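Novice: Quick one: sequence plus predicted model below, questions after.
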Amino acid sequence: MSNCIYGSSSSTGTTFDQQFCVTSGTVTSNSDAVSIATGSDLDSVASITDVMWVLICGILVFWMQAGFAMLEAGSVRAKNTNNILFKNIMDASIGAICFWLLGFSFAYGNNRYQYDNPGSDNTFIGSGNWALRNFNNDDSYHSFFFQWAFAGAAATIVSGSVAERCRLEAYFIYTIVLTTFVYPVVVHWVWSGTGWASAFYANDKGERYLKENGMIDFAGSGVVHMTGGFAGLIGAIALGPRKYFGDPENEHKLRGSSDLLCALGVAILWMGWYGFNAGSTLGAAAGYGTPFPYIAVAAKVCVTTTIAAAMGAICTMLYSRIVQGYFNLGLCLNGVLAGLVSVTAPCSVIEPWAAMMIGIIGSFVYIGASNLIKMVGVDDPLDAFPVHGACGMWGVLSVGIFATRSNISRTYGFDNNAVESGNQFRNQLAGMLAIICWVVATSSLIFFPLKFAGLLRVSEEEEEQGLDASEHGVDADSSALQKQKSLGGITSI
């Protein structure tokens, strides 16, 4: 039997407008009624706050699309800006439909844990909830929205690697496959309750497939950035270099159109990264009343994210001055991104001093990878692989080096010596290698058949003319003049 009451406090005169129904015998005094009413109110507020937190952070992550657009538009020549911006908006649009129809289902399936799995999901891929048909109420849509924003970011990374010479039709094909299948499978492995590498996987005995803690990738150094970075690398290899690449006398002709847009783009990306990393707590009020509320973890994540990004910028600044002989803005901007990508996996399980070290090492991982791919003749116009692929690898591995037992316990609830024993590093290495093999294999199966079919790259004439003209009907000279006027005469073709 239930009794419905309106709680009140005789001492303070506090009343509650909401009706509360409790089992008979639970309420024996006004103080009990106040306690029940207050607890119920707090639970409701906490739930609403968590949903709002995820939505706001998801919006910040989507705002990163504007950052990617500016950075890429500034990094390519003026005759290709319309094309690169078009790819950015199509990444978000195509990705939204593909991830809604199939991608989210492959990633999370029925969104169950292994011990409560109805049987359609497995450790490799999810199944069920196609086109969100199981979302028959309003308390789960925020999860899809947040995850779609991440999928869009992974797809956009690829556009930088294949810029200025990839046919739009080929790019659309890859975006469809990436957001529908390639990326969702990696998400399932690492972030779902049934993925083999997931820290959230647990069988009916409470054991994980990767012993102790599974693979820890808090916000996606591996899941998002390695996936996009290695896909971009395969795309760049399949396409081949642009004209003038590797030619010392003419390589200046490949210089981007606007440092201003590049700087604005990186500033927006840095801002959006707080939604990317801190938002990965997937809640703000959850855990209230405990020693480790989610919002406290999010606050620490913001600090570690800031320190790593700042050190990435400082180290590349010093490198450019000492080695190159001048302060290189482009290198420093990518240094910021290198620090951000590197700290994305470990941001919740490290101390601030470790974030500083991760940012320092990440900056040199980026510089080394950038120099290496140039030496072997791979043309990556935005250094997408060095920033996202190489630094993503470093971020995944850094968890096994710099994570602490107390921070893992605080974030994931695991209290063991996995880091000290080297088990965590083993888990990170296994997950990293699996992502590389999966993305390289699936990307190769897409890019190289398109290449052999003659559908991947534009002709030399179209490349020389500019993709704005050949793909979008925009006159290159008039487009460049318009940009030059609007940006204060800093545009070059």
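Specialist: Here it is on my side, so go on.
Novice: CA atoms for contacts and neighbours, from now on please.
Specialist: Fine.
Novice: Buried residues in stretch 274-289, which are they?
Specialist: For stretch 274-289, burial by neighbour count (16 or more other CA atoms under 10 Å) applies to 274-286.
Novice: Could you dump those into CSV with distance to Asp383, secondary structure and pLDDT added?
Specialist: As requested, the buried residues of stretch 274-289 are exported to CSV (distance: CA to CA, whole Å; DSSP: H, G, I helix; E, B strand; the rest coil; pLDDT from 0 to 100):
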residue, distance to Asp383, secondary structure, pLDDT
Tyr274, 22, helix, 97
Gly275, 23, helix, 97
Phe276, 21, helix, 96
Asn277, 22, helix, 97
Ala278, 26, helix, 96
Gly279, 26, helix, 96
Ser280, 26, helix, 96
Thr281, 29, helix, 95
Leu282, 30, coil, 92
Gly283, 33, coil, 91
Ala284, 35, coil, 89
Ala285, 38, coil, 81
Ala286, 38, coil, 75
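Novice: Among those, which one sits closest to Ser470?
Specialist: Of all the buried residues of stretch 274-289, Phe276 has the smallest distance to Ser470: 35.7 Å, by CA to CA.
Novice: Quick check: closest non-adjacent residue to the closest one.
Specialist: Setting aside the residues directly before and after it, Phe276 is nearest to Val61 in space (CA to CA, 6 or more residues apart in numbering), at 5.5 Å.
Novice: Count the residues that sit near that neighbour.
Specialist: Residues near Val61, counting by other CA atoms under 10 Å, number 27.
Novice: isn't it right up against Met271?
Specialist: No: counting by CA atoms under 8 Å, Val61 stays clear of Met271, with 9.0 Å between them.
Novice: related to what we said a few turns ago, which residues touch the residue nearest to Phe276?
Specialist: The neighbourhood of Val61, defined by CA atoms under 8 Å, 6 or more residues apart in numbering, consists of Phe146, Ala149, Phe150, Gly272, Trp273, Gly275, Phe276.
Novice: Equivalent analysis for Lys300, please.
Specialist: Applying CA under 8 Å, 6+ apart, we find Lys300 in contact with Ser348.
Novice: Just the element for it, please.
Specialist: Element membership for Lys300, per DSSP states H and E: helix 294-319.
Novice: what distance separates the start and the end of stretch 457-470?
Specialist: 12 Å (CA to CA, to the nearest Å).
Novice: Show the contacting residues for Pro381.
Specialist: Pro381 neighbours (CA under 8 Å, 6+ apart): Ser75, Val76, Gly160, Ser161, Val162, Ala163.
Novice: my read: His225 touches Ala154, true?
Specialist: Yes: assessed by CA under 8 Å, His225 is found in contact with Ala154 at 6.4 Å.
Novice: Looking at the two, which one has more neighbours?
Specialist: Shown here are His225 and Ala154; by other CA under 10 Å, His225 has more neighbours (32 against 28).
Novice: what's the spacing between that one and Leu329?
Specialist: 23 Å.
Novice: do Arg255 as well
Specialist: For Arg255, the distance to Leu329 under the criterion CA to CA works out to 13 Å.
Novice: Against Gly229, how distant is Tyr183?
Specialist: With the distance defined as CA to CA, Tyr183 ends up 12 Å from Gly229.
Novice: list residues touching both of the two?
Specialist: By CA under 8 Å, 6+ apart, no residue touches both Tyr183 and Gly229.
Novice: Which one's more surrounded, these two?
Specialist: Neighbours were counted for Tyr183 and for Gly229 using other CA under 10 Å; Gly229 has more, 32 against 27.
Novice: Pretty sure that one sits against Ala384.
Specialist: Yes: here Gly229 reaches Ala384: they are 5.9 Å apart, a contact under CA under 8 Å.
Novice: anything in contact with each of those two?
Specialist: Between them, Gly229 and Ala384 share these contacting residues under CA under 8 Å, 6+ apart: Ile157, Val158.
Novice: before we move on, back to that, give me the three-state assignment for the residue nearest to Phe276.
Specialist: When classified by DSSP: H, G, I helix; E, B strand; the rest coil, Val61 comes out as helix.
Novice: pLDDT value on it, please?
Specialist: Val61 carries a pLDDT value of 97.
Novice: Report the separation between it and Val54.
Specialist: 10 Å.
Novice: so what sits against both of those two?
Specialist: Shared contacts of Val61 and Val54, defined by CA under 8 Å, 6+ apart, are found at Phe146.
Novice: Would you map the helices across the stretch 101-250 of the chain?
Specialist: Taking DSSP state H, counting those that start in this stretch, the helices of the stretch 101-250 of the chain run over residues 104-108, 141-161, 168-177, 183-191, 227-239.
Novice: Ser257: how many residues sit nearby?
Specialist: Ser257: 25 neighbours (other CA under 10 Å).
Novice: so which strand or helix has it?
Specialist: For Ser257, there is no host helix or strand (DSSP H and E).
Novice: Check Leu433 too.
Specialist: For Leu433, the element it lies in under DSSP H and E is helix 423-452.
Novice: Skip ahead from the helix holding Lys300 and say which helix or strand is next.
Specialist: Later in the chain than helix 294-319, the nearest helix or strand by DSSP H and E is helix 329-344.
Novice: Would you mark the buried spots in that following helix?
Specialist: For helix 329-344, burial by neighbour count (16+ other CA under 10 Å) applies to 329-344.
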